[in-house]
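Enquirer: based on what follows, work out the 3D shape:
(chains A and B)
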Amino acid sequence: MPPRSADLARCPHCGAAVEGPEDAFCCNGCEAAYAIIRGAGLERYYRERETWAPRPEPGSGGWEAVPVETGDDGTCAVRLQVDGLRCASCVWVTEHVLQRRPGVEEAHVSYATGRATLRWRPEETELAELADTIQALGYRPRLLGEEARPDRSLLVRLGVATFAALNVMLLSASLYAGWLGGMEERFRLLFQWASLALATPVALWAASPFFVGAWSGLRRGFLHMDLPISLAVAVLYGHGVVVTFTGSGDAYLDSLTMLVALLLAGRVLEGHGRRRAAEAATSLAATLPSTGRRFLPDGGTETVPSSELTAGDRVAVGAGEEFPADGVVVAGSGSVRTALLTGESRPVEVETGQRVYGGTYLVDGAVEVQVTAAGEESTVARMAGGLRDAADSPGRPTSADRIAPWFTAGTLVAATVTLLGWGLTAGWESALTATVAVLVVACPCALALSHPLAAAAGLGAAARRGLLLRSPDPLLAMASVDAVALDKTGTVTEGTLEVLEADDATLRIAAGLERFSRHPVALAVVREAVRRRIPLPKARRVREQPGQGIGGEVDGKEWHLGAAGPGTVALEGPGGRVGIIRLGDQIRSDAPEAVAALEALGLGVHLLTGDHRDVAERVARETGIGHWQAEMSPDEKAAQVRGRREAGERVLFAGDGLNDGPALSEADVGVAFGTGAASSILVADGVVGLPSLSPVLAGIRAGRAAQRVIFVNQLRSIVYNVAAVGLAAAGWVNPLVAAILMPLSSGLVIAGAAGVEGRVQRMEGGSGGPTRKPTTVDRASQGAVGGAGIEPDPGAHGMGGSNEASDPGKRDAGKGDPGKHDHGENDPGKGDPGEEAA
Amino acid sequence: MNALVWLIPVAIGLGAVFVFLFLSAVKSGQFDDLEDPPRRILHDDD
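Expert: You can find the predicted model right below:
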């Protein structure tokens, strides 16, 4: 339980200090949430939670108009993404409050992803009531679309193949024993036929993904790794059928089934990464609000599902609501939080004539918007579609696929040579036996496993350290990067505003005024007041004006808090200015350590920022980054990355905003931050799910470890195949030898892949790099994709990253304009220009 | 030794029963989410 102090009244729900016993709760929202939780008999939550609860805010509403179908059993069901869940207790209390609502049949919230499944009886309750309950608890529900069912068929195939493989192995062991001790004919027949019966579904059904892969590769004109595998499966099974029916020799059915089972296991591991990307797409697609308020011809409004909006409709959007579609403001003004698109947490002012995007959030004001693109056509939906397509498209050919044609050709040559060599010298019957043996042991089982298994182990090692990668390709690309270019805000720095300097009296009044505001400055001020245990005073008649700051009455006096220069807000009382608050962006605590470790790996580290020179210089100095460039536009960052690539370097770029998009896609590997803009996550190859820089370092280490293991494994398996083909061509391979050799080579490859984690740990130990407790990392990494799920950092609640936060005083600054600090000059500052351009 | 003639099919049949159980477990979705249930077990005590 969070600390409590006797001399301080704390809001029992969110933990903010408040003045006076009558102000036990800091706001009505907290009181209502407390009442809901107590009413459901779940007080246990307050004893067991790990962090304070978020302060509930009013939601967009409009859930009444969400179309819900009633199922055959008379119940309704929806899937929701619940944002803002901070800890396991949050999930627990949300789930149990919902379960105890009358009429709810089923309520299930995932601890891993924050997804909720709800089923209820429509005659007793309705979706709006349930969604409002979630909102009242301080979390934000979003409607999720249908999710693609996970592919279970691969798992079924694996189950059947494993069962068959183990049984055939047992039967074959008896047959091999029979070679030594003799065996009655009828038992031999029984064992052989039983083996064939077990192997048949494996060869004809369980192995079909390999046939399909080989065939589709052939049709597209390239020799896939599945081709030699299919060839081996076909030869093994065909040979098994012939010898069993004719009773004329020994089959390799144990090798066949074991091989298919091992290969399918590799496929199952590979499949996990793809599912993650698909889940990220669903989360993002859900960011359009489910309903909008459309104007009727008579001037009134009706609430309609946002999917029913079309271009030309006019919709009303009020403070605290999300835009239901892309459009142009035709009346009114307000400030919009565009974190979804830009990663910028500071609101942007909009007025008549300006474009707004569906899914962004109107912080204050009220506007009327003419819709230009809705539903599937909206920017957010198209971005999500792009991600889904990327997840569905087949990956780039792996190094194993590049070897495959040579492998196939080599196998066929060896088989031909064996057939002719034996046929011409020792007769065609022994030639056939030897040729089959060659084709059998040439099966690149170990080679096919070497890449996916080591890559999956590397992806897992990176994910445990907070870096989620979309596919194995960027992981392996990370292994060979020469330079790491870092954005400043939200990458090297925390990206959130923090109070750097303020006296307690000023902070107290300011926190009172800002208590109910969602502005980033307000959040920083209230957070700092809570941290210093300053009780929040009660404010009256608070007015927040976009771009003008905030005013109101505290302690019976009139105050105003507004911008006063870069990074500063000033508090003015009845007698003039009483104090100032300096705000700024803090450098991530692990940044110096991570930078040093990157340089120890021999990589050049560069800071590329759009921010002012003096800020860039300070950050570079404090983190030990040798090269820095300030006041860069997005295109200049991309050009810088491109220049380095053209000079032959491989570049990793890490950044968090829309303005980093060009550089992220230009780089060999782009890494975005999960707290940043969804758009940057889309163009990036990977996402950091922790408020920390070290996952980037961990990814490079995991990539190097995986690449090393893949190289060793491929070497091992090729040596094995060449040696085994030699033995088979010499006539020394029979089913028993094959049954020992083939699993042995695959076993070596699997053992090698299991060593990836150990290699990464040795690298960490060697340089004393930053490590974290796996439990924390694990929890945080789950929710990070698409910015959804359980938030790793309570302070980040409801906030995206914020760019260029060193200038927080101006509420109205054109923060959506990434080129703001681009004065048309590319000043590399004090760094040596020649060095920078290298 | 003659017992083998029927013991082998019986053994395979028993194995097949477990394969069937595994398949029904997969079909009922028990392998769809391997991340949530292990966390849930720490909280569900009522």
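Enquirer: tell me the contacts of residue 11?
Expert: With no chain named, the answer covers chain A. The neighbourhood of A:Cys11, defined by CB atoms under 8 Å, 6 or more residues apart in numbering or on different chains, consists of A:17-18, A:24-27, A:30. In this view, the C-beta of every residue, glycine as well, is placed from N, C-alpha and C.
Enquirer: switch to chain B, that's the one I care about
Expert: Contact analysis of B:Ala11 by CB under 8 Å, 6+ apart lists A:Asn167.
Enquirer: quick one: it and A:Lys538, what's the gap?
Expert: Taking CB to CB, to the nearest Å as the measure, B:Ala11 falls 78 Å from A:Lys538.
Enquirer: with A:His451 instead?
Expert: With CB to CB as the criterion, A:His451 and A:Lys538 are 64 Å apart.
Enquirer: report the buried members of the contacts of A:Cys11.
Expert: For these, a burial check counting by 16 or more other CB atoms under 10 Å in any protein chain shown picks out A:17-18, A:25-27, A:30.
Enquirer: CSV for those residues, including distance to A:Gly689, secondary structure and pLDDT?
Expert: Shown next, in CSV, are the buried ones among the contacts of A:Cys11 (distance: CB to CB, whole Å; DSSP: H, G, I helix; E, B strand; the rest coil; pLDDT from 0 to 100):
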residue, distance to A:Gly689, secondary structure, pLDDT
A:Ala17, 31, strand, 72
A:Val18, 34, strand, 74
A:Phe25, 33, coil, 76
A:Cys26, 30, coil, 73
A:Cys27, 30, coil, 70
A:Cys30, 29, helix, 82
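Enquirer: residues from chain B in reach of chain A?
Expert: Along chain B, the residues adjacent to chain A under the rule CB under 8 Å from any CB of the partner chain are B:1, B:4-5, B:8-9, B:11-12, B:15-16, B:18-19, B:22-23, B:26-27, B:31-33, B:35-36, B:39-40, B:42-43.
Enquirer: give me the buried entries from those residues.
Expert: By neighbour count, with 16+ other CB under 10 Å, the residues of chain B next to chain A hold B:8, B:12, B:15, B:19, B:22, B:26, B:31, B:33, B:36, B:39-40, B:43 as buried.
Enquirer: how about the helices in chain B?
Expert: Counting by DSSP state H, residue ranges of the helices within chain B are B:3-27, B:36-40.
Enquirer: now the weakest link among these, please, by mean pLDDT.
Expert: Among the helices of chain B, helix B:36-40 carries the lowest mean pLDDT, at a mean of 81.
Enquirer: if we can go back for a sec, save the buried ones among the residues of chain B next to chain A as CSV, and put in distance to A:Arg79 too.
Expert: Putting those into CSV (distance: CB to CB, whole Å) gives the following:
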residue, distance to A:Arg79
B:Ile8, 48
B:Ile12, 42
B:Gly15, 38
B:Val19, 32
B:Phe22, 27
B:Val26, 21
B:Phe31, 19
B:Asp33, 13
B:Asp36, 14
B:Arg39, 19
B:Arg40, 18
B:His43, 21
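Enquirer: okay, which residue is most central for chain B?
Expert: Central residue of chain B (CA atoms, centre = their mean): B:Phe22, 3.5 Å from the mean position.
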